[in-house]
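> When you get a sec, could you give me coordinates for this:
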Amino acid sequence: MAVYPADDACPRCGGPAYPAALSGAGTLWTWTVQRYAPKSPPYHAPPGGFVPFALGYVELEEGVRVAAVLEVDDLEEVRIGMPLTLTVGDGVPRAHATTDCEEGS
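Numbers count the residues shown, from 1 in each chain. Below you'll find the model as predicted:
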């Protein structure tokens, strides 16, 4: 069983858990649009002010669903089942539409 974010214990049995690399490739499971600014702190509005953005759950090939900000140019193009590539670092995970080059890698 794989879970995100990683934890020292299995969420089902409480036994030990071990790190595993996840592919980052997946599909959009569900999504919504954040139309109002999150609470501050910790949110800091960008220089141009708040802009609505999409949030969704990306279901990775390993079966794990990860909440992420969807980096799309047009909210009208977001569709359940669309292929996405997930990136994680500091802060909230991000997902962008998978390109043909990424599908082949």
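
> Who does the longest strand that the chain contains pair with, and is each partner parallel or antiparallel?
In the chain, assigned by DSSP state E, the strand with the most residues is strand 25-34. Using DSSP bridges, strand 25-34 pairs in its sheet with strand 53-60 (antiparallel), strand 83-87 (antiparallel).

> any idea how far the shortest one is from the chain center?
To tie it back to what came earlier, the one meant is strand 83-87. Taking the mean of its C-alpha atoms, strand 83-87 sits 7 Å from the chain's own mean (C-alpha atoms, centre = their mean, to the nearest Å).

> chain center to whatever helix or strand comes next after that strand, what's the gap?
Tracing the chain past strand 83-87, the next element assigned as helix or strand by DSSP states H and E is strand 94-97. Put simply, strand 94-97 sits 7 Å off its chain's centre (C-alpha atoms, centre = their mean).

> Please apply the same query to stretch 5-15.
The answer for stretch 5-15 is 20 Å, by C-alpha atoms, centre = their mean.

> mind listing what the residue of the chain most remote from its centre touches?
Each residue of the chain has a distance to the centre, and by C-alpha atoms, centre = their mean the biggest one is for residue 15: 26.5 Å. If you count contacts by C-beta atoms under 8 Å, 6 or more residues apart in numbering, residue 15 has them with residue 9. Where you see a C-beta, it was placed from the backbone N, CA and C, and this is true even at glycine.
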